[in-house]
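**Q** With the sequence up front, the predicted model follows.
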Amino acid sequence: MDGKPRTTIRCYISPAGNNKIAEWYADLSVQERADADAFIATMRCKLKWEGPDYRIRLKGYKGLGELRWYSCNKQHRLIGFFMGGVWYAVMGCTHKQQIYKPADALDTADKRRKEVGNGKARTEPYAF
Amino acid sequence: MLSKLWKKLRDPEYRKAFVASQINIGIPFQIRALMKNREPKWTQEDLARKAGMLQPRISAMLRPGKTRPNIETLRRIAEAFDCGLVVRFVPFSELVLWSEKFDPDSFNVASFAEDSGFIDQGNLALESIVPKYASPATEQPVLIFRSPQYEKQIETTAGLPRREHPRPTMVPTMPRIRKDNTFVGLR
């Protein structure tokens, strides 16, 4: 890994000033956190994000993509988008049998994507 | 990021989880990198056939966190790739360094046939020396490394007909093994 660039990840900050990705991370169990750390650290090293770890073109939500991994028998998703070579994480959730939890995860993610895109929402580096 | 990880590792629960995550999340990335770097690139069916497993199981194993591979499964995967497998206990500092240095894009492990450690020092010997000094009917040569003294002796015998080859006095890497795999000793 020495000298190789890593993908920069930034987190969505709500208008109230809450880091929504940090909140998602804090709600995970210890094992889920360790798995998320290992998975995201490995993905940051990869030059090309592709399946099965990353899915782009989420149905009906152009521009959004999701990181996908399993932990503690659950499918975990971190939804975000690329802009200017930076990946913006906007929503963390789980997925089971085609259903996201929370159920409005994609709608919320799309709303947040637009907020980040038009500069209405702040972002912070992913640093946990 | 490393300092954050050190801070997290102070928590014993996180340490336990970290070890598990290096296996459950890290192994699928390693296997996929190995498949990608084989010529031609291996499919899941290829790996399944070589490892004696079913393709759906391979598919699950390639998904980070989906399965918890045990040592026997990993041994079979290593056998399929014709490479070694190291399972050993290490201090956390070593595990952290390994995880920090791991790059899924460049990770590769050569098969035995392409192992430069053997190509440089061993294959030549297997092809040209073993028939001269090992009796195929009774012994199987196992070559690991050759000593400089042995190399020198081989050089001096290169132009001689087979019968005139002097037997090397020091051949630490030519164990005498009978057909039934009984170790007899070193030549």
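**A** Thanks, I have it. Numbers count the residues shown, from 1 in each chain, chains lettered A, B, ... in the order given.

**Q** Which stretches in chain B count as strands?
**A** Counting by DSSP state E, chain B has strands at residues B:175-177, B:183-186.

**Q** same deal with chain A?
**A** Counting by DSSP E, chain A has these strands, from start to end: A:8-13, A:54-58, A:61-71, A:74-83, A:86-96, A:99-101, A:122-125.

**Q** Pairing partners for the residue positioned nearest the centre of chain A in the sheet, please.
**A** By C-alpha atoms, centre = their mean, chain A has its centre lying nearest to residue A:78, at 3.0 Å. Beta-bridge partners for residue A:78, by DSSP bridges, are residue A:67, residue A:92.

**Q** That one and residue A:94 touch, don't they?
**A** No. Counting by C-beta atoms under 8 Å, residue A:78 does not reach residue A:94; the two are 10.5 Å apart. (C-beta placed from N, C-alpha, C; glycine too.)

**Q** List the contacts of stretch B:64-77.
**A** With C-beta atoms under 8 Å, 6 or more residues apart in numbering or on different chains as the test, stretch B:64-77 has contacts from A:35, A:38-39, A:42, A:53, A:69-71, A:76, B:20-21, B:23-25, B:27-29, B:31, B:47, B:51-53, B:60-61, B:85, B:87.

**Q** Only whichever of those residues are buried, select them in ChimeraX.
**A** The buried residues among the contacts of stretch B:64-77 can be selected in ChimeraX (16 or more other C-beta atoms under 10 Å in any protein chain shown) with this line:
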select /A:35,38,39,42,53,69,70,71,76 /B:20,21,23,24,25,27,28,29,31,47,51,53,61
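
**Q** List the buried residues in the least confident helix or strand in chain A by mean pLDDT.
**A** When each helix and strand of chain A is scored by mean pLDDT, DSSP states H and E, strand A:54-58 comes last, with a mean of 87. For strand A:54-58, a neighbour-count test (16+ other C-beta under 10 Å) marks A:54, A:55, A:58 as buried.

**Q** gap between the residue nearest to the centre of chain A and residue B:14?
**A** With distances taken as C-beta to C-beta, to the nearest Å, residue A:78 is found 19 Å from residue B:14.

**Q** do the same with residue A:106
**A** Distance of residue A:106 to residue B:14, computed by C-beta to C-beta: 31 Å.

**Q** same question, residue B:90
**A** Taking C-beta to C-beta, one finds residue B:90 at 17 Å from residue B:14.

**Q** So the two - more neighbours on which side?
**A** Shown here are residue B:90 and residue B:14; by other C-beta atoms under 10 Å in any protein chain shown, residue B:14 has more neighbours (19 against 12).

**Q** give me the number of residues near the closest residue to residue B:50 other than its chain neighbours?
**A** Excluding the flanking residues, the one nearest residue B:50 by C-beta to C-beta, 6 or more residues apart in numbering or on different chains is residue B:80, at 3.7 Å. Residues lying near residue B:80 (other C-beta under 10 Å) number 22.
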